[in-house]
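Peer 1: generate a structure from the sequence data that follows.
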Amino acid sequence: MKVLQLIDSLNAGGAERMAVEYANELVMHIDESFLCATREEGLLKETIQSEVSYLFLEKRRKVDFTAIRRILRFVSDNGITVIHAHSSSFFLATIVKIFKPKTILIWHDHYGENEMLKARKYKVLKFCSYYFDGVISVNEKLKQWAIQNLKCKKVVFLNNFASKNDTTRATVSLKGPEDFRIVCLANIRVQKDHLNLLAAFKLVQEKHKEVSLHLLGEIHKDAYYTSLVSFIEENNLNHVYFYDSQNGVLDLLKICDLGVLASKSEGLPVALLEYGMANLPAVCTDVGQCKEVLNDFGLLVPNNNATALFEAILNYIEDPEKRNKDALNFSKHICKFYTFEGVLDQLIELYKGNKQ
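Peer 2: This is a model prediction of the structure:
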């Protein structure tokens, strides 16, 4: 079995991280593992294991005939039997399937805006789903959506997982006081609701001035980022630091005291799994699969509620015994249920392409 993971970019997002992790983890379990970034490289390229055969396609447009010829040749030359397409890469994968119908095509749905599924545009996706041999959904809500709206009959829910084998090292140091570090691992965009987190942090600082907030995630110098900077300045917040995307995330998480996600919507956030791997207690909003991931080993709050978020953060700051107990239990929970070994058997069965 030779499997190609297909992803549009290698920027540090959840879907991108999972595409790389699948390629890396499969090395020991199949004949050969491949990874193709179709449009853009990025920070995660450094995390691809040397045993993974890698292709950067340099796709320039929606239908790029040069890119199509290159990937068809790559699939043929390497005898690839399975294409595992992540997120929006399904369109190119479908074109390959049309030209090479014996190739097994699996589509992996990482859609993060679970609270707004009714507004999801999927006309092209629905057409392409005729060609899918299987669909992987990252939570139960997405699984039910796929069953109801797509033409592929084989739909499974597989947990995202956190890698135990991340050997990349951090190249930045955390700034500010070391008294109590809160970290939020999320790209800077509206869905992740950093503005709500900053509003909660403002309340935290009124009680604990030396607590610091560390925002790890890709920065776009857009209106949303500008609104965050303005909020920080207008409210005279201290010890708030932006770091952009980083490798060696586990190194950085391990020197923090609390992991937070304030998202308006999620699928199954990889960041939450990484908090567990780093032995961090976690506070997150009750969206997507977060409740199932935390499983009573962290604090869950309503989304878009700065007061509730503040109270949960304060709980962990002022109760170190609970903080340490929850961190230990959460870490054990993640290591037991959210590892690659937990999805491997079902994944291989899906790759075999047996029809239901």
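Peer 1: could you list the domains of the chain?
Peer 2: Domain ranges of the chain: 2-161+340-351, 180-337, per automatic domain parsing.
Peer 1: residue 169 is nearest to which of those?
Peer 2: Smallest distance to residue 169 across the domains of the chain (Cβ to Cβ): 4.5 Å, for domain 180-337. (Glycine included, C-beta is placed from N, CA and C.)
Peer 1: so residue 5 sits in a helix?
Peer 2: No. Counting by DSSP: H, G, I helix; E, B strand; the rest coil, residue 5 falls outside a helix, being strand.
Peer 1: residues contacting it?
Peer 2: 19, 20, 22, 23, 33, 34, 35, 36, 84, 86 (Cβ atoms under 8 Å, 6 or more residues apart in numbering).
Peer 1: next, count neighbours for the fifth one.
Peer 2: Which is residue 33. Residue 33 is flanked by 25 other residues according to other Cβ atoms under 10 Å.
Peer 1: is it in a helix, a strand, or coil?
Peer 2: Under three-state DSSP, residue 33 falls in the strand class.
Peer 1: if we can go back for a sec, take the domains of the chain and write them to a markdown table, including mean pLDDT.
Peer 2: Output for the domains of the chain, formatted as a markdown table (pLDDT from 0 to 100):
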| stretch | mean pLDDT |
| --- | --- |
| domain 2-161+340-351 | 94 |
| domain 180-337 | 95 |
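Peer 1: reformat the ones you listed as CSV; add distance to residue 168.
Peer 2: Shown next, in CSV, are the domains of the chain (distance: least, Cβ to Cβ, whole Å):
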stretch, distance to residue 168
domain 2-161+340-351, 5
domain 180-337, 4
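Peer 1: go through those domains and name the closest to residue 174.
Peer 2: domain 180-337 (5.7 Å).
Peer 1: if I look at residue 288, how far off is residue 56?
Peer 2: In this structure, residue 288 and residue 56 are 31 Å apart, going by Cβ to Cβ, to the nearest Å.
Peer 1: returning to what we had before: mind checking which of the contacts of residue 5 are in strands?
Peer 2: Those of these mapping onto strands are 33, 34, 35, 36, 84, 86, per DSSP state E.
Peer 1: please name the nearest non-neighbouring residue to the fourth one.
Peer 2: Going back to what we said before, that points to residue 36. Closest residue to residue 36 apart from its sequence neighbours, by Cβ to Cβ, 6 or more residues apart in numbering: residue 55 at 4.5 Å.
Peer 1: the second one too?
Peer 2: With sequence-adjacent residues excluded and distances taken as Cβ to Cβ, 6+ apart, residue 34 is closest to residue 4, at 4.2 Å.
Peer 1: residues touching the one you found, list them.
Peer 2: Residues in contact with residue 4 (Cβ under 8 Å, 6+ apart) are 34, 35, 36, 74, 75, 78, 80, 82, 83, 84.
Peer 1: residue 53 versus that one, what's the distance?
Peer 2: Distance, residue 4 to residue 53, by Cβ to Cβ: 9 Å.
Peer 1: pull the distance from the lengthiest helix in the chain to the chain's centre.
Peer 2: Secondary structure of the chain per DSSP state H: the longest helix is helix 320-337. Mean-position distance between helix 320-337 and its chain equals 21 Å (Cα atoms, centre = their mean, to the nearest Å).
Peer 1: mind listing what's buried in it?
Peer 2: Within helix 320-337, the residues that count as buried by 16 or more other Cβ atoms under 10 Å are 323, 326, 327, 329, 330, 331, 333, 334.
Peer 1: show me what it is in contact with.
Peer 2: 159, 162, 164, 257-258, 273, 275-282, 293-295, 297-299, 315-317.
Peer 1: and the residues you listed, which are buried?
Peer 2: 159, 162, 257-258, 273, 275-282, 293-294, 297-299, 316-317.
Peer 1: out of those, which are inside strands?
Peer 2: 258, 282, 299.
Peer 1: go through these and name the one nearest residue 103.
Peer 2: Of these, the one sitting nearest to residue 103 (Cβ to Cβ) turns out to be residue 282, at 39.4 Å.
Peer 1: the nearest residue to residue 142 once chain neighbours are set aside - how many residues pack around it?
Peer 2: Leaving aside its sequence neighbours, residue 142 sits nearest to residue 109 (Cβ to Cβ, 6+ apart; 5.2 Å). Applying other Cβ under 10 Å, we find 22 residues neighbouring residue 109.
Peer 1: surely residue 109 meets residue 139?
Peer 2: No. Using Cβ atoms under 8 Å, residue 109 is not in contact with residue 139; the gap is 9.3 Å.
Peer 1: give me the common contacts of the two.
Peer 2: residue 267.
Peer 1: residue contacts, the residue nearest to residue 142?
Peer 2: Shown in contact with residue 109 (Cβ under 8 Å, 6+ apart): 87, 135, 136, 137, 138, 142, 146, 267.
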